[in-house]
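>>> quick one: sequence plus predicted model below, questions after.
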Amino acid sequence: MDDHPGKSPDHLTINVTHRDDPVSEVTEVDAFASVRKYPSIVVRGPLFGLAEQRGGDRPRWRLMGELGTGFPQMARDDLNSHLWFKARDETEDPAVRRSLLAAVAQLETKPVNEVTADGVRYRVVRADEFARIGDDRLEPPRATDPDDDSWDLDAPDASRTEGFVVDHAAAVGLSEGIDRMGLLNLSYTADRFPKDVRADSRRALTTHPGVVLLPATFRVVERKELSWSMVTGQYSTPQGARRALVHHLTRPVPQLPDLPDMPELPEWMKVDEKEAALRERAAKKFTARRRPNELVLRGRRYEVVRVERMMRIGPDGPERPRPSDVDDYGPSQIHPLMDEHGNITHGS
């Protein structure tokens, strides 16, 4: 029986289209080749961020930044700050300010994942981070991934996620359409995930049956005998991750004086002059190459890898955090009190 006569809802529609421009054709060929070489998927876990839906965008949502945290409460705190500063700096209308501050008050007292302020819906959204793997190796950057050649370690990372429109029915190429079809039934099944996490993951297949792929990001990982460990955060280009690796090697955290109850620094932070010189030489050789993706230092193998993120979509848009998504702490007051006229009361 057809539950959706006529046009299918947007969250169930994958619109595949053929693009005949040369760039799209090369990108499609590159994607198909990569998926054949790296056919399996390793799921790392959830990431959280913020999205907004304005009246003219309905039903689409727009991401407000990177999905850069592993905890929902950190995203709620980001929303708290966003709305507080918006109330302070972006309006002189008392009614608008009251609306914004009412949402802030909710976020200060309850772990809410959606608020509405000044006619805009704001939501804490969830995505799963994963990498492709083949022959026991994580997928490196693709030749067609956006990239640059700068080694300026202080260069900003220009986000490709901020402003991304979450539109399940938007036209995509053949390779992305096939990828999304293959991810529709992806859920957490490994025993390393707790029982409630696996149950929530299965439930999401029904409550949020659609899948949208966000722009790929890039990380540096350290290859170990049976696993990988993350060395850097996520970057919008492979070169951004390469610069982060050089920064990791040549600009380590400074040594701190011995103080009571101070935890011992991890080994990679303990850098004497000999070790610092070794790292400088390794970094110099690394930067002398064009777009390198591997560096071996003292038997430790660092790799630049391509990371993908999938967001599940339901009838009302992107998935919120799940009950089994854990937090280290709860909501609290982050900023001073403000009244509808913008007067701020600082604590004594």
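On my side now, so go ahead.

>>> what sits against Thr13?
Listed by Cβ atoms under 8 Å, 6 or more residues apart in numbering, the contact set of Thr13 reads His168, Ala169. In this view, the C-beta of every residue, glycine as well, is placed from N, C-alpha and C.

>>> for it, give its distance to Arg121.
22 Å (Cβ to Cβ, to the nearest Å).

>>> swap in Ser150?
38 Å.

>>> also Lys285?
According to Cβ to Cβ, Lys285 stands 51 Å off from Arg121.

>>> those two: which is more packed in?
Arg121 (18 against 12; other Cβ atoms under 10 Å).

>>> so that one, which state does it fall into?
Arg121 carries the three-state label strand when classified by DSSP: H, G, I helix; E, B strand; the rest coil.

>>> again with the one 10 residues further on
For Ala131, the reduced secondary structure class is strand; criterion used: three-state DSSP.

>>> beta partners of it?
Residues in a beta bridge with Ala131, per DSSP bridges, are Val42.

>>> distance of it from Gln234?
For Ala131 relative to Gln234 (Cβ to Cβ), the value is 11 Å.

>>> so what sits against both of the two?
Counting by Cβ under 8 Å, 6+ apart, the residues touching both Ala131 and Gln234 are Val307.

>>> so Leu337 sits against Val104, correct?
No. Contact status for Leu337 versus Val104: not in contact, 9.7 Å apart, counting by Cβ atoms under 8 Å.

>>> can you say which helix or strand has Phe32 in it?
Applying DSSP states H and E as the criterion places Phe32 in helix 22-37.

>>> ignore what I typed, I meant Asp149.
Per DSSP H and E, there is no helix or strand for Asp149.

>>> check the burial of it by counting its neighbours.
8.

>>> so what pLDDT did it get?
Looking at Asp149, its pLDDT reads 95.

>>> do you know how far it is from Val172?
29 Å.

>>> need the pLDDT of the most centrally placed residue in the chain.
In the chain, the centroid-proximal residue (Cα atoms, centre = their mean) is Leu67; its distance is 3.2 Å. The score at Leu67 is 95. That number is its pLDDT.

>>> setting aside sequence neighbours, what's the nearest residue to it?
Gly49 (3.5 Å; Cβ to Cβ, 6 or more residues apart in numbering).
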